[in-house]
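Undergrad: what follows is a predicted structure for the sequence shown.
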Amino acid sequence: MRIHTFFHSQKNFFLIETTCLVIILLFGLVIRTYDLTTVPYGFHADEASIGYNAYTILTKGTDEYGIPFPAFFKSFGEYKSPVQIYSTVPLIALLGLNEFSTRLTSAIYGLLSMIAVYFLAIELFKTYKKARFIGLFSIFLIAISPWHIQFSRVAYELMPFVFYTSLGLFIFLKAQKRPKLLPLSIFIFALALYSYYAGRVFIPFFSIGLLFIYRDFFLRHKKETLMSFVLLMMLLIPFIQNLFSHDALVRWDQTSIFLHPPEKISIFHQIEINYLNHFSPQFLFIGGNNALPGNQILRDAPSGIGELYLFQLPLMLCGIYTVFKKRDKAFFVLLLWFLLYPIGGIFASDGSPFARRSIIGVIPFEIVSAVGFVCLMQWTQKWRKPYTILFYAMTGFIVIFSFIYYLQLYFVDYPKYSSAWWGWQYGPKDIVPYFISHESQYDDFIMSPYFNGRYEFFKFYAPNDCIKCKVGLPEDYYNSTRKQLYALPPEYLKYYQQYRYIPLKYLYYPDGSVAYVITQIKE
């Protein structure tokens with residue numbers, strides 16, 4: 001009878017766990033895809049570049065410059081990593097070239113990374129009694145994470161990096177009992193390396209740390225280790241070729257603290273400050289990416305909230321205490337991850353920390369918070385029932401209130417102040433289609449140059465049209481003998497009154513202010 005009861009309860013737990021997983025995943029997917037085209041409001045040139053290159057791979061088998069199936073993609077001012085672009089190809093084939101299909105790649109990788117973190121947390125803490133609860137709380141915290149949601153809704157290269165790092169570590173941990181999985185782990189870590197520039201720094205150091213932590217495993221399984229090493233060398237050939245090319249170093253030249261040293265303190269002191277800022281309460285729990293001095297870019301986070309929720313602070317402290325007390329390999333893996341997570345941004349001269357460059361830190365923070373939550377659950381089992389009920393009611397209220405507050409900040413407030421230059425640079429998504437719809441009526445279409453990578457928008461929104469489109473200002477192209485249409489910011493019309501403007505259409509930011517004026521001009 002006891003055995004029957006045991007299996008019955010196990011079956012019930014499995015059904016409850018599966019139901020919770022499905023609900024959390026569906027909830028996470030909805031949050032990552034709801035109103036995806038218009039929030040964030042605008043479409044940055046980096047996103048347009050990724051979408052257009054995926055389109056040219058699909059239609060021509062080349063990048064936008066005609067290079068067949070490149071390992072890295074030349075873009076404005078840098079080379080882009082290949083994983084996000086190649087992953088976007090099927091979605092563009094299915095849904096066409098548009099903002100939704102381009103951003104959907106990140107949302108899908110965000111969903112996949114949630115699944116990977118669930119299994120990773122269980123595998124890390126498989127010796128703990130409540131390992132599956134840790135997995136459930138980990139995936140829940142990832143699902144509602146402001147840090148994770150932010151980059152799951154935009155077409156940047158970050159989410160593949162998060163997913164393949166988490167999956168690679170999970171497969172590596174499974175390889176401890178099944179060594180034949182080691183080459184697969186190496187292959188997945190290589191995908192993480194190719195996913196994002198920060199991964200080029202993080203993955204090598206992280207791998208060296210794992211090599212040290214699990215050195216006994218590698219010594220016991222020399223055959224699998226040798227096979228994995230040979231595979232790694234083969235996979236790294238394009239990476240090494242690109243790493244030492246001049247073009248690949250363009251971005252490094254633009255942002256390196258060694259090439260652009262600080263004026264008042266030493267380089268190494270600035271690197272130390274950059275590193276420690278990643279652990280500051282201001283960045284993690286209070287103001288987030290936008291609260292730190294000197295950082296004007298609004299594309300990495302909404303204002304008014306940390307990268308983590310404030311309620312996670314006591315959970316993290318409890319979780320750190322729990323894993324430190326055992327000091328098993330899970331502790332050392334997480335410690336390694338925490339120590340290395342800032343490394344992608346500490347050598348930058350343009351401000352630190354950036355939530356974008358340190359995105360890989362979202363995983364250990366959420367997992368440790370989940371450990372802390374399970375630890376608190378175990379403590380409350382010793383309390384009287386009314387106190388336990390009160391604790392869970394208060395905890396539920398705080399979590400729900402925090403998440404609703406974040407939704408307000410992101411979906412309602414964020415578009416109102418993040419659509420201009422320092423944000424998502426709204427304009428081209430309406431300007432270029434307007435130009436195309438009036439192509440037969442004008443000789444020239446001139447769009448304001450006040451965008452990053454402005455020519456990428458002509459390619460993205462009019463891949464086969466807009467041969468009359470140019471980037472510039474009236475002083476660059478005005479010709480009274482030609483019929484011309486300009487898209488200009490209202491400030492230009494105000495300060496350059498040597499021209500007479502004949503506005504045809506106004507484009508507005510979400511706060512109601514005029515973003516651009518589509519106008520004819522006369523001298």
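TA: Here it is on my side, so go on. Numbering: from 1, shown residues only.

Undergrad: verify the stated contact: Phe218 with Thr225.
TA: Yes. With contacts defined as C-beta atoms under 8 Å, Phe218 counts as touching Thr225 at a distance of 4.8 Å. The C-beta positions use only the backbone N, C-alpha and C, and glycine is treated the same way.

Undergrad: any idea how far the residue nearest to the spatial centre of the chain is from Tyr164?
TA: Centroid-nearest residue in the chain: Phe151, 3.3 Å away (criterion: C-alpha atoms, centre = their mean). Phe151 sits 14 Å away from Tyr164 when distances are taken as C-beta to C-beta, to the nearest Å.

Undergrad: any idea how far Ser358 is from Val412?
TA: Here the criterion is C-beta to C-beta. By it, Val412 lies 26 Å from Ser358.

Undergrad: looking at the two, which one has more neighbours?
TA: Summary of the neighbour comparison: Val412 and Ser358, criterion other C-beta atoms under 10 Å, with Ser358 having more neighbours (25 against 12).

Undergrad: now do that one, the pLDDT please.
TA: Here, the pLDDT recorded for Ser358 equals 96.

Undergrad: ok, Ile271 - how many residues close by?
TA: For Ile271, the neighbour count with other C-beta under 10 Å is 17.

Undergrad: that one sits in which helix or strand?
TA: Element membership of Ile271, judged by DSSP states H and E, is helix 267-277.

Undergrad: please name every helix or strand in contact with that helix.
TA: Contacts of helix 267-277 with other secondary structure elements, assessed using 3 or more C-beta pairs under 8 Å, 6 or more residues apart in numbering; DSSP states H and E, are absent: no helix or strand is involved.

Undergrad: could you dump it to CSV, C-alpha only?
TA: What follows is the C-alpha trace of helix 267-277 in CSV, where atoms were taken according to Å, rounded to 0.1, in the frame of the first residue of the first chain:
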residue,chain,number,x,y,z
ILE,A,267,43.6,52.0,-17.1
PHE,A,268,43.8,49.2,-14.6
HIS,A,269,42.0,51.2,-11.9
GLN,A,270,39.2,51.9,-14.4
ILE,A,271,39.0,48.2,-15.3
GLU,A,272,38.7,47.5,-11.6
ILE,A,273,35.9,50.0,-11.3
ASN,A,274,34.2,48.6,-14.4
TYR,A,275,34.4,45.1,-12.9
LEU,A,276,33.0,46.0,-9.4
ASN,A,277,30.2,48.1,-10.9
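
Undergrad: now do the following helix or strand past it, average pLDDT.
TA: Moving toward the C-terminus from helix 267-277, the first helix or strand encountered (DSSP H and E) is helix 281. pLDDT averaged over helix 281 equals 95, rounded to a whole number.

Undergrad: what's the separation between the residue lying closest to Asp413 once chain neighbours are set aside and His44?
TA: Nearest in space to Asp413, with sequence neighbours left out and distances taken as C-beta to C-beta, 6 or more residues apart in numbering, is Pro302 at 6.8 Å. Distance, Pro302 to His44, by C-beta to C-beta: 16 Å.

Undergrad: same question, Gly306
TA: As judged by C-beta to C-beta, Gly306 and His44 stand 23 Å apart.

Undergrad: which parts of stretch 343-359 are buried?
TA: 343-349, 351-359 (16 or more other C-beta atoms under 10 Å).

Undergrad: could you list the low-confidence segments of the stretch 251-400 of the chain?
TA: 251-254, 351 (pLDDT under 70).

Undergrad: mind listing the strands for it?
TA: Ranges of strands within the stretch 251-400 of the chain: none, based on DSSP state E, counting those that start in this stretch.

Undergrad: same question for the chain.
TA: Using DSSP state E, the strands of the chain run over residues 73-75, 78-80, 444-447, 469-471, 484-488, 500-508, 514-522.

Undergrad: what comes up buried for the third one?
TA: Within strand 444-447, the residues that qualify as buried by neighbour count (16+ other C-beta under 10 Å) are 444-447.

Undergrad: ditto for the last one
TA: Neighbour-count burial for strand 514-522 flags 515-519, 521 (criterion: 16+ other C-beta under 10 Å).

Undergrad: make TSV out of these and add distance to Ser195 and pLDDT.
TA: Formatted as TSV, the entries for these read as follows, by distance: C-beta to C-beta, whole Å; pLDDT from 0 to 100:
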residue	distance to Ser195	pLDDT
Ala515	33	97
Tyr516	34	98
Val517	40	98
Ile518	38	98
Thr519	42	97
Ile521	45	94
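
Undergrad: list the contacts of Leu334.
TA: Leu334 makes contacts with 124, 323, 364, 367-368, as judged by C-beta atoms under 8 Å, 6 or more residues apart in numbering.

Undergrad: only whichever of those are buried, select them in PyMOL.
TA: Command for PyMOL that selects the buried part of the contacts of Leu334, burial taken from 16+ other C-beta under 10 Å:
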select buried, resi 124+323+364+367+368
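
Undergrad: pick the one among the contacts of Leu334 closest to Ile67.
TA: Looking at those and their distance to Ile67, the nearest is Pro364, at 37.3 Å (C-beta to C-beta).

Undergrad: how close does that closest one sit to Phe331?
TA: Distance, Pro364 to Phe331, by C-beta to C-beta: 11 Å.

Undergrad: now do the helices in the stretch 51-200 of the chain.
TA: Assigned by DSSP state H, counting those that start in this stretch, the helices in the stretch 51-200 of the chain fall at 82-95, 99-124, 131-143, 146-152, 158-174, 182-193, 197-213.

Undergrad: could you export these as JSON lines, including mean pLDDT and distance to Leu29?
TA: As requested, the helices of the stretch 51-200 of the chain are exported to JSON lines (pLDDT from 0 to 100; distance: least, C-beta to C-beta, whole Å):
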{"stretch": "helix 82-95", "mean pLDDT": "98", "distance to Leu29": "15"}
{"stretch": "helix 99-124", "mean pLDDT": "98", "distance to Leu29": "5"}
{"stretch": "helix 131-143", "mean pLDDT": "97", "distance to Leu29": "9"}
{"stretch": "helix 146-152", "mean pLDDT": "98", "distance to Leu29": "10"}
{"stretch": "helix 158-174", "mean pLDDT": "98", "distance to Leu29": "13"}
{"stretch": "helix 182-193", "mean pLDDT": "97", "distance to Leu29": "22"}
{"stretch": "helix 197-213", "mean pLDDT": "95", "distance to Leu29": "24"}
